[in-house]
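**Student:** here's a sequence, model it:
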Amino acid sequence: MAKFNFKDLSPKMDGKFYYGYVMLLMGFMCMFIAYVVKANCSSLFITPLCEELDISRTAYTQTNTLMTVCMLIGSSFMGKLMSKYKLRYVLSGCCLLLTVTFLLMSRATALWQLYVLNGLQGFAWAGATNLPVNIMVSNWFGPKVKGTMMSIGMLGSGAGALVFVPIIQNLITNSGWRTAYLAMAGFMAIMLVLALAFCVNLPEEKGFTRRIGDPSKEEIAATGGVAVTKRGITAKSALKMGRWWCQFLAAAITMIGASAFTTQAVAYFGDIGMENGAAIYSSALGTLIVGKFIVGAISDVIGIKRVAVISPLFYGAVFVFLALCSGNTSMSWGVIICYMIGGAIPSTVPALLTVRNFGDKEYGTLTSWMNMAGNIGQIIGPTAAAAVFDITGTYVFAWWVFAALFVVVAVLYYLSGVLNKKELKAQGYDPDM
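**Tutor:** This next block holds a predicted model:
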């Protein structure tokens, strides 16, 4: 397959502005709004909500567990829904449900109500964040630019964190957590309108015959006339391979650590006396504006196979610096710097590696299944970190364990790139081509 070239990023296709860039912006907005207001802002509610409702952090963290279990279920069928029905209707339906549940959460008076509402949010969140971005990029951009485009879409979460984390933190501080939930409902309503107005499933619906990043006629001819955009194996075949389960386990472990960080970091900074904990957290997330683009662009140049092995070590370093912060708060700068690359892993590496390892023949199904790995990790991570805090009075031991786990992630991603090569070639797919 031809290598990435910035000349491939033409603003026009078939003599007119390429609508795929509008879809890329929509993917960016999914992460900018829908992802951030739930994933990155949840940790801001732990201390004030636990104090007002008189509940433990472990008990409150189970709201995340229930949400993630429902998201796990939703991920199993959401990809098929988005392939079968208009993307604008599925995405807007998910945004509507998120809007309504945030409104109801602002009126919650008991923990069980938060359990129910977070469970409902799990189904909607499965279809409003990473998955639609993956599908939008896969549908609208070819293999030569897929990594770069995926990273641009996903970096919306970094930009959104810089905007929404301070807003929500200020609302909680000055007006209370209930007002903050009302604001989150308003943000999701904006996403609902955008989805209805701009989402289009396929380039053909806008009159395009090729995608930006597809191989040229000359490049296709050089491969024997075989188009590279529908290469790969079936989802059922992937499940029989060790490389799938190594990648699946790596994605799950990644989200164990990542979800623990996003749900517990602000509370941890407060526990160790850092008054600017929310600002440190927001700054770390903000580095993803650069980090996700770097990961995606480098993946197009040197290959996602190599990036997948190197980048987990940066996330491991994030947790090393977190643990060291308990003795020296200046170590928080290490958290911010290393998170630039490490924090980009969950939303970029699994999706890009799935295309590389198995092709895009059944990409929608494969990526929705791979999202389930992340859902499993999200169930375990916050609960484990909160339990360590409730037992020991600190998160430090959890941070050291997560740091070690990211070394395991690097090994698993390496194995996912080298196993089952003969089986893949026997089925007509060579991931190195």
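**Student:** what about the helices in the stretch 51-200 of the chain?
**Tutor:** Listed from the start of the chain, the stretch 51-200 of the chain has helices (DSSP state H, counting those that start in this stretch) covering 57-84, 87-105, 111-126, 130-140, 146-154, 156-175, 177-198.
**Student:** nearest to residue 41, out of the ones you listed?
**Tutor:** helix 156-175 (4.7 Å; C-beta to C-beta). To be clear about C-beta, it is placed using only N, CA and C from the backbone, and glycine gets the same treatment.
**Student:** which neighbouring elements make contact with that closest one?
**Tutor:** helix 20-29, helix 177-198, helix 277-286, helix 288-302 (3 or more C-beta pairs under 8 Å, 6 or more residues apart in numbering; DSSP states H and E).
**Student:** redo the helices of the stretch 51-200 of the chain as CSV? Include mean pLDDT.
**Tutor:** Below are the helices of the stretch 51-200 of the chain laid out as CSV (pLDDT from 0 to 100):
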stretch, mean pLDDT
helix 57-84, 82
helix 87-105, 95
helix 111-126, 93
helix 130-140, 85
helix 146-154, 79
helix 156-175, 88
helix 177-198, 95
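**Student:** residue 334 is nearest to which of those helices?
**Tutor:** By C-beta to C-beta (comparing all of the helices of the stretch 51-200 of the chain), the closest turns out to be helix 156-175, at 18.0 Å.
**Student:** coming back round to it: among the helices of the stretch 51-200 of the chain, which is nearest residue 348?
**Tutor:** helix 146-154 (5.5 Å).
**Student:** distance from that closest one to the middle of the chain?
**Tutor:** 12 Å (C-alpha atoms, centre = their mean, to the nearest Å).
**Student:** list the buried residues of that helix.
**Tutor:** 146, 147, 148, 149, 150, 151, 152, 153, 154 (16 or more other C-beta atoms under 10 Å).
**Student:** can you tell me how far residue 400 sits from residue 36?
**Tutor:** 28 Å (C-beta to C-beta, to the nearest Å).
**Student:** contacting residues for residue 126?
**Tutor:** Listed by C-beta atoms under 8 Å, 6 or more residues apart in numbering, the contact set of residue 126 reads 70, 71, 72, 73, 74, 75, 78, 94, 371, 375.
**Student:** mind running it again at 7 Å?
**Tutor:** 71, 74, 75, 78 (C-beta atoms under 7 Å, 6 or more residues apart in numbering).
**Student:** before we move on, back to that, out of the helices of the stretch 51-200 of the chain, which gets nearest to residue 367?
**Tutor:** Of the helices of the stretch 51-200 of the chain, nearest to residue 367 by C-beta to C-beta is helix 130-140, at 4.9 Å.
**Student:** tell me where the model's unsure across the protein.
**Tutor:** 1-9, 216-230 (pLDDT under 70).
**Student:** the helices of the stretch 51-200 of the chain into TSV, with extra columns for distance to residue 290?
**Tutor:** Output for those, formatted as TSV (distance: least, C-beta to C-beta, whole Å):
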stretch	distance to residue 290
helix 57-84	28
helix 87-105	27
helix 111-126	25
helix 130-140	18
helix 146-154	10
helix 156-175	8
helix 177-198	24
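**Student:** to residue 323, which of the ones you listed lies closest?
**Tutor:** Between residue 323 and the helices of the stretch 51-200 of the chain, the shortest gap by C-beta to C-beta is with helix 57-84, which sits at 18.5 Å.
**Student:** that closest one packs against which elements?
**Tutor:** helix 46-53, helix 111-126, helix 130-140, helix 363-392 (3 or more C-beta pairs under 7 Å, 6 or more residues apart in numbering; DSSP states H and E).
**Student:** mind listing what's buried in that helix?
**Tutor:** Of all the residues in helix 57-84, those buried under the rule 16+ other C-beta under 10 Å are 57-76, 78-79, 81-83.
**Student:** count of residues packed around residue 209?
**Tutor:** When neighbours are defined as other C-beta atoms under 10 Å, residue 209 has 9 of them.
**Student:** quick check, it in a helix?
**Tutor:** No. Remark: residue 209 does not belong to a helix; assigned using DSSP: H, G, I helix; E, B strand; the rest coil, it is coil.
**Student:** contact partners for it?
**Tutor:** By C-beta under 7 Å, 6+ apart, residue 209 lies in contact with residue 14.
**Student:** and if you look at residue 376?
**Tutor:** Per C-beta under 7 Å, 6+ apart, neighbours of residue 376: 72, 252.
**Student:** columns distance to residue 350 and mean neighbour count on top of the helices and strands packed on helix 156-175, output as TSV?
**Tutor:** Listed next are the helices and strands packed on helix 156-175 as TSV, based on distance: least, C-beta to C-beta, whole Å; neighbours: other C-beta atoms under 10 Å:
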stretch	distance to residue 350	mean neighbour count
helix 20-29	16	22
helix 177-198	23	19
helix 277-286	19	23
helix 288-302	12	22
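**Student:** any idea which of the helices of the stretch 51-200 of the chain gets closest to residue 404?
**Tutor:** Among the helices of the stretch 51-200 of the chain, the nearest to residue 404 by C-beta to C-beta is helix 57-84 (21.8 Å).
**Student:** now that closest one: how far from the chain's centre is it?
**Tutor:** Using C-alpha atoms, centre = their mean, the offset of helix 57-84 from its chain centre is 13 Å.
**Student:** begin at 263 from now on, thanks
**Tutor:** Taking 263 as the first residue, the last one we looked at is helix 319-346.
**Student:** relative to helix 373-388, how tilted is that helix?
**Tutor:** Taking axes from the mean of the first three to the mean of the last three C-alpha atoms, to 10 degrees, one finds helix 319-346 and helix 373-388 inclined to each other by 30 degrees.
**Student:** let me know the angle separating helix 319-346 from helix 308-315.
**Tutor:** Using the same axes, to 10 degrees: helix 319-346 against helix 308-315 is 120 degrees.
**Student:** how about the helices in the stretch 463-612 of the chain?
**Tutor:** Taking DSSP H, counting those that start in this stretch as the criterion, the stretch 463-612 of the chain carries its helices at 479-484, 497-500, 504-533, 539-548, 550-564, 566-587, 594-604, 607-620.
**Student:** those: which one's closest to residue 305?
**Tutor:** helix 504-533 (4.5 Å).
**Student:** which other helices and strands does that closest one contact?
**Tutor:** helix 308-315, helix 539-548, helix 566-587, helix 607-620, helix 625-654, helix 658-680.
**Student:** pick the most buried one from those.
**Tutor:** helix 607-620 (a mean of 26; mean count of other C-beta atoms under 10 Å).
**Student:** show residues contacting that one.
**Tutor:** Contacts of helix 607-620 (C-beta under 7 Å, 6+ apart): 392, 396, 408-409, 412-413, 416, 419, 494-495, 500, 505, 509, 513, 516-517, 520, 554, 557-558, 561, 566-567, 569-570, 573-574, 577, 625, 628-629, 632, 636, 678-679, 693.
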